[in-house]
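Peer 1: Mind looking at a prediction? Sequence and model below.
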Amino acid sequence: MRRGRQTFGLRLVTAGLAVAGATLAGWALAAAPPPSKTSAFSPPPVSAIDDSPFGRQVALGRAIFNDPRAHAGAYVGNGLACSNCHLDEGRLAHSAPLWAAWVAYPQYRAKNGHVNTFAERLQGCFEFSENGKAPPLGDPVLVALESYAFFLARGAPTGTHMAGAGYPKLAAPASPPDPGRGARVFETHCAMCHGANGQGQSVRGQNVFPAVWGPGSYNWGAGMAQINTAAGFIKANMPLARGGSLTDQQAWDVAAYIDSQPRPQDPRFTGDVAQTRRRFHDDPYSFYGKVVDGRLVGDEPRRP
Ligand code: HEC
Ligand code: HEC
């Protein structure tokens, strides 16, 4: 895991030079090393992927995970890679790592009211987080991703809740999450990478800093569109390589800010924002269907 982080750091510094010039590069070079995220489990290294028929599926799954547009483009509708939210290629604890996910399915999910297989859980991330289409069960894309997750979970105990699974749950904030305060956190701590307009930054068509709202980001049905989920992810992992540096309140506020901005419509949209809220977003930690800053949140066109 450590090696993965260092490689990423180098990539980030190079990207910083290209994207934002000396300021960002200097910042990245000066950034403190990532806090050590201890976890009971360490997945096998990349070098353990062999050239067998199974190993080739694992390698393909890894390639899809890191660049789904290039390797599973038919099912992807935005600019996000799986690894943009499941950091370190799906290895990092507290960033919904694949090794902890693999051993947790089949599992009942309130989101769709039945027991989901692992493959069905993967379908959900394509539909919502990737703002795309679910690959049909048995599709080569799902087979490859399942192989990759199974490989990462080698030796993990099945059916247990592993330390580092999912994203951390933050305690309720002292003061209700506030998009206005969050905007100031965003300007100071996030905009240099994700852009002042939240749309991310790319170099020669390669997405280096992913979009946190707008057409290139996750849609309203995604887990990350829930401010409690986003706040937990942000607190543990953002600003990149400085996880844990924001206060809980700052993480809640900046999550409230990005999750009250425009983003692609929920694919389950009924045609009516208030009704869609009642059916799918009736949750104190969703701004969907609420008015923020004079704008009806979630009032986006239906997906084509
Ligand atoms: C140094 C650059 C940098 C800074 C600063 C930074 N991020 Fe990120 N962020 C990234 C990168 C790069 C990724 C994707 C990680 C990967 O692929 O390994 C990411 C991923 C994300 C994601 C998930 C993917 C997406 O686009 O939705 C969210 C949400 C996010 N960041 C929010 C924030 C917030 C909020 C802040 C400020 C508190 C912040 N980031 C600060 C670089 C940064
Ligand atoms: C915008 C961020 C984002 C992107 C992009 C994304 N996911 Fe997720 N993913 C999440 C969130 C949020 C969860 C729910 C985690 C939780 O509630 O603890 C999740 C959950 C999962 C889970 C279940 C984890 C568990 O522990 O139960 C799997 C497996 C998964 N995603 C795979 C993928 C794959 C494969 C892709 C790419 C095709 C992908 N994700 C893209 C945010 C994202």
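Peer 2: Sure, I can see it. Ligands and ions are numbered 1, 2, ... in the order given.
Peer 1: Just list the residues touching R69, thanks.
Peer 2: V76, G79, A81 (Cβ atoms under 8 Å, 6 or more residues apart in numbering). Where C-beta positions appear, they are placed from N, C-alpha and C, glycine not excepted.
Peer 1: Which of these ranks first by neighbour count?
Peer 2: V76 (23 neighbours; other Cβ atoms under 10 Å).
Peer 1: residues near G113, how many?
Peer 2: G113 has 8 nearby residues by other Cβ under 10 Å.
Peer 1: correction: G138
Peer 2: Residues near G138, counting by other Cβ under 10 Å, number 8.
Peer 1: okay, stretch 295-304 in CSV with CA atoms only?
Peer 2: Output of stretch 295-304 as CSV, limited to C-alpha atoms (Å, rounded to 0.1, in the frame of the first residue of the first chain):
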residue,chain,number,x,y,z
ARG,A,295,-32.0,27.4,-6.2
LEU,A,296,-34.0,24.2,-6.2
VAL,A,297,-31.4,21.5,-5.7
GLY,A,298,-31.8,18.5,-8.0
ASP,A,299,-33.8,20.5,-10.6
GLU,A,300,-31.8,19.0,-13.5
PRO,A,301,-33.0,17.7,-16.9
ARG,A,302,-34.0,14.0,-17.1
ARG,A,303,-31.3,11.8,-18.3
PRO,A,304,-31.4,11.1,-22.1
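Peer 1: Now do it: distance to the chain's middle.
Peer 2: Put simply, stretch 295-304 sits 21 Å off its chain's centre (Cα atoms, centre = their mean, to the nearest Å).
Peer 1: Looking at it now, give me its mean pLDDT.
Peer 2: Mean pLDDT, computed over stretch 295-304, is 93.
Peer 1: Which positions within it qualify as buried?
Peer 2: V297, G298, E300 (16 or more other Cβ atoms under 10 Å).
Peer 1: number of nearby residues for the closest residue to the second one other than its chain neighbours?
Peer 2: Think G298. Spatial nearest neighbour of G298, chain neighbours left out: Y288 (4.1 Å); criterion: Cβ to Cβ, 6 or more residues apart in numbering. By other Cβ under 10 Å, 24 other residues sit near Y288.
Peer 1: how far away is Y288 from G200?
Peer 2: Using Cβ to Cβ, to the nearest Å, Y288 is found at 22 Å from G200.
Peer 1: Tell me the residues of the stretch 1-150 of the chain that contact ligand 2?
Peer 2: 65, 68, 80, 82, 84-86, 96, 98, 100-101, 104, 121-122, 125-126, 129-130, 145 (Cβ under 6 Å from any ligand atom).
Peer 1: all helices for the stretch 201-304 of the chain, in order.
Peer 2: 227-237, 248-258, 273-280 (DSSP state H, counting those that start in this stretch).
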